[in-house]
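In: Next comes the sequence, and after it the predicted model I'd like to discuss.
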Amino acid sequence: MPEGSLVPRQMHTGAGTQPSGRDGNDPRAGSGEMDAQRALSERPVISIRARISLAFLLCFVLICGITITGMVFISSLNGRQQFLEEVENFVSEVQNARRFEKNFFLYGTDLYDGLNQIHAAERYLRRDAAEMQALMGKAKFESLQADLAQYEAALTKLVGLSRSGELNTGTVRQEIEGQLRRHGADILAEAQAMIDRERLAVNTLMHTSMLVATGALILVLIIMVYIASFLTRQIVRPLGRFMAYADRIAAGDYSPIYPQRKYRDEYTNLAMAMNRMLEELKRHQEQLLQSRKMAAIGTLTSGIAHELNNPLNNIGLTTESLIDNFDDYADEQKLKMLDQIYQQVERASGSVRNLLDFTRTEKVPFTVVSIREMVESTLRLVQNELNLSNVGLKVDIQNNLPEIRGNPRNLQQVFLNLFLNSIQAMPTGGTLGVQARVDSDRFIRVSVSDTGVGIPAEVLDKVFDPFFTTKEPGQGTGLGLSVSYSIVEKHHGRITVESAVNKGTTFSIFLPYGEKVESINADITESYRG
């Protein structure tokens, strides 16, 4: 959505104006509001609530996935820790059995406790057979079983020989002792290797879990950044657009809002409500324009009455004289008197025509307008006010001034408001100056100056605000300059003011012409589309 204006607002507290897109060259003029509402309402509905709910649902699914993964890792780690404890218990039982074995050979102690330790080790081996076989491999597990069985058999044989007294034979003793040492060492070596592998697996699992947790944290961060960006796109950015809409509406541009997306959401309803508001604002502004016209007519009533009264008096006197002395006048004199009556009728008719032209309310499209003719016709409306207020007139209009495109009725109201304000600013008389020149940047500048009381500097930036007036209560509505400002903006121009207390005031109107108008019309067609 383009922001700003080709012709920025000056001397006002509001924001810059924007192209209105409502003149006769806008293809959307007239039915633009209907087209905008239809375009907004005919799109598929995807609400912001649904999109936000979907985003948080996906976030919830992600968190659930991370949680379940963490639970799986913890469960697996817990199982391996328990299995590791079982293997360590197995090793502990074997080591205790070997300690009893050594004590027997050194001190001749009983081997019964050692045999119980081996039976306990066998129970651990049978209970964790599947896990051990998966960790060690089938061949090594069977070798461990065989070594444990042979160690138990040798230990059982040693207990039997010890009780029968046949162990004293050196050869038998050495043979059994060798078997026990060999199989015991093999059992402990294979069990220790199994413990080392399991600890490595536990460490690997813990490292993997740390990597997974770090990856999950990074993923969550990325998802949160995306969600924040998503919410910004879905909520904050449209708010920025609607703030721009509000700015251009405040600047007097009431062109409708068109869709920018392919689907509907809550902002669509807001845009449709704003379009309805814009339509109402335009209707009320037209009523305001008409009421201001009627207020200006009230100001002109005395002057118009005087201007009509003079020709009517002349007509009455001439007609009465003609009736009373009809036979005494020569034909040439009679024709001269009739011609005077005709001129007075034309004078009165001209005043009535000017007044009717000003009070017409029908919509008029932008047409080619001559600034010279516009200024001169408006000056004729206030001529009697100038005479009654003892105000002199100084007009300086450049020859061959380019024509512009505009609404003659509205432009006449702008000039009339400025002329009347200038006359009223000179209660003791003065000079009203009107100057029209080609200004830089393809604009025509029309300046309306007076030698009146001026405007204080502290309120100069408020003169275009609605209902602001420096006149006495009851002598003005404070709408004239505000309405004039709005009209000039609709013509893609600008209006400025310069003033000094007791020295006078100058209002300058800048209106585009020629290539500037073509450029503006092209911009209007493309502006405010989604």
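Out: Nice, thanks for sending it over.
In: List the buried residues for stretch 420-438?
Out: In terms of neighbour count (16 or more other Cβ atoms under 10 Å), stretch 420-438 has its buried residues at 420-426, 430, 432-436. Glycine gets a C-beta too; all of them are placed from N, C-alpha and C.
In: Pull up the distance across that stretch, start to finish.
Out: Using Cα to Cα, to the nearest Å, the end-to-end distance of stretch 420-438 comes to 24 Å.
In: So what's the gap between it and the chain middle?
Out: Relative to the centre of its chain, stretch 420-438 is centred 45 Å away, using Cα atoms, centre = their mean, to the nearest Å.
In: Quick one: mean pLDDT over that stretch.
Out: Stretch 420-438 carries an average pLDDT of 91.
In: Next: stretch 190-197.
Out: Stretch 190-197 comes out with an average pLDDT of 85.
In: Going by neighbour count, which residues in it are buried?
Out: 190, 191, 194, 195.
In: what about residue 95, helix or strand, and which?
Out: Under the assignment given by DSSP states H and E, the secondary-structure element containing residue 95 is helix 48-107.
In: let me redo that: residue 507
Out: Counting by DSSP H and E, residue 507 is found in strand 504-512.
In: how about that strand: buried residues?
Out: Burial within strand 504-512, assessed by neighbour count using 16+ other Cβ under 10 Å, is assigned to 504, 505, 506, 507, 508, 509, 510, 511, 512.
In: same thing with stretch 127-138?
Out: Residues of stretch 127-138 classed as buried: 128, 131, 132, 133, 135, 136 (neighbour count, 16+ other Cβ under 10 Å).
In: measure the second one to residue 112 for me?
Out: Here the distance between residue 131 and residue 112 works out to 30 Å (Cβ to Cβ, to the nearest Å).
In: Over to the last one?
Out: Distance of residue 136 to residue 112, given as Cβ to Cβ: 30 Å.
In: ok so, going back, want to try a markdown table for the buried residues of stretch 190-197, with secondary structure and distance to residue 207 as columns?
Out: Conversion of the buried residues of stretch 190-197 to a markdown table gives the following (DSSP: H, G, I helix; E, B strand; the rest coil; distance: Cβ to Cβ, whole Å):
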| residue | secondary structure | distance to residue 207 |
| --- | --- | --- |
| 190 | helix | 26 |
| 191 | helix | 24 |
| 194 | helix | 20 |
| 195 | helix | 18 |
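In: For residue 118, state which of the residues you listed is nearest.
Out: residue 191 (13.0 Å; Cβ to Cβ).
In: mind listing the helices in the protein by residue range?
Out: 32-41, 48-107, 112-127, 129-136, 138-164, 170-231, 237-250, 266-324, 331-359, 371-388, 408-424, 480-490, 515-526 (DSSP state H).
In: Reformat those helices as TSV; add distance to residue 444.
Out: Formatted as TSV, the entries for the helices of the chain read as follows, by distance: least, Cβ to Cβ, whole Å:
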stretch	distance to residue 444
helix 32-41	28
helix 48-107	48
helix 112-127	103
helix 129-136	94
helix 138-164	102
helix 170-231	48
helix 237-250	24
helix 266-324	23
helix 331-359	22
helix 371-388	6
helix 408-424	11
helix 480-490	12
helix 515-526	10
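In: quick one, which of these is nearest to residue 258?
Out: Taking Cβ to Cβ as the criterion, residue 258 comes closest to helix 32-41 out of these, the separation being 5.2 Å.
In: List the buried residues in stretch 366-378.
Out: 366, 369, 371, 372, 374, 375, 377, 378.
In: So what does the first one have for phi and psi?
Out: Think residue 366. Listed backbone geometry of residue 366 is phi -60, psi 130, with angles given as degrees, to the nearest 10.
In: What score does it have for pLDDT?
Out: Residue 366 carries a pLDDT score of 85 in this model.
In: my read: it touches residue 404, true?
Out: No - with contacts defined as Cβ atoms under 8 Å, residue 366 does not count as touching residue 404, sitting 9.1 Å away.
In: Tell me the spacing between the nearest residue to residue 334 once chain neighbours are set aside and residue 197.
Out: For residue 334, the nearest residue in space outside its immediate sequence neighbours is residue 322; the separation is 6.8 Å by Cβ to Cβ, 6 or more residues apart in numbering. When Cβ to Cβ is the yardstick, residue 322 and residue 197 sit 137 Å from each other.
In: is residue 511 in a bridge, and if so with what?
Out: According to DSSP bridges, the partner residues bridging residue 511 are residue 444.
In: Thought residue 446 was touching it, still the case?
Out: Yes - Residue 511 lies in contact with residue 446 (Cβ under 8 Å); the separation is 7.2 Å.
In: so where's the stretch 151-300 of the chain shaky on pLDDT?
Out: 165-170, 252, 261, 292-300 (pLDDT under 70).
In: residue contacts, residue 453?
Out: When the contact criterion is Cβ atoms under 8 Å, 6 or more residues apart in numbering, the partners of residue 453 are 425, 426, 427, 501, 502.
In: Residue 454 now?
Out: Contacts here follow Cβ under 8 Å, 6+ apart; on that basis residue 454 touches 425, 499, 500, 501, 502, 503, 504, 505.
In: could you redo the last one with a cut-off of 6 Å?
Out: The contact partners of residue 454, by Cβ atoms under 6 Å, 6 or more residues apart in numbering, come to 499, 500, 501, 502, 503, 504, 505.
In: From residue 500, how far off is it?
Out: 5 Å.
In: same deal with residue 508?
Out: Plainly put, residue 508 is 15 Å away from residue 500 if you go by Cβ to Cβ.
In: same thing with residue 312?
Out: Applying Cβ to Cβ, one obtains 43 Å for the distance of residue 312 from residue 500.
In: since we're on residue 257, how many residues are nearby?
Out: Taking other Cβ atoms under 10 Å as the neighbour definition, residue 257 ends up with a count of 28.
In: what sits against it?
Out: With Cβ under 6 Å, 6+ apart as the criterion, the residues that contact residue 257 are 245, 271, 274, 275.
In: Now it: phi and psi?
Out: Its backbone dihedrals place residue 257 at phi -90, psi 130, with angles given as degrees, to the nearest 10.
In: Name the nearest residue to it, sequence neighbours excluded.
Out: Going by Cβ to Cβ, 6+ apart, residue 257 has residue 271 as its nearest residue, at 4.6 Å.
In: circling back to that earlier point, quick one: which of the buried residues of strand 504-512 is nearest to residue 90?
Out: Distance from residue 90 was checked for each of those by Cβ to Cβ. The minimum falls on residue 512, at 97.2 Å.
In: quick one: stretch 181-190 to chain centroid distance?
Out: Using Cα atoms, centre = their mean, the distance between the centre of stretch 181-190 and that of its chain works out at 77 Å.
In: got it, and stretch 266-275?
Out: The chain centroid and the centroid of stretch 266-275 are separated by 13 Å under Cα atoms, centre = their mean.
In: ok, residues contacting that stretch?
Out: For stretch 266-275, the external contacting residues (Cβ under 6 Å, 6+ apart) are 33, 36, 37, 40, 48, 238, 256, 257.
In: before we move on, the earlier item: which elements pack onto the strand holding residue 507?
Out: strand 443-450, strand 494-500 (3 or more Cβ pairs under 6 Å, 6 or more residues apart in numbering; DSSP states H and E).
In: how about these in CSV, adding mean pLDDT and distance to residue 461?
Out: Putting the helices and strands packed on strand 504-512 into CSV (pLDDT from 0 to 100; distance: least, Cβ to Cβ, whole Å) gives the following:
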stretch, mean pLDDT, distance to residue 461
strand 443-450, 94, 19
strand 494-500, 91, 9
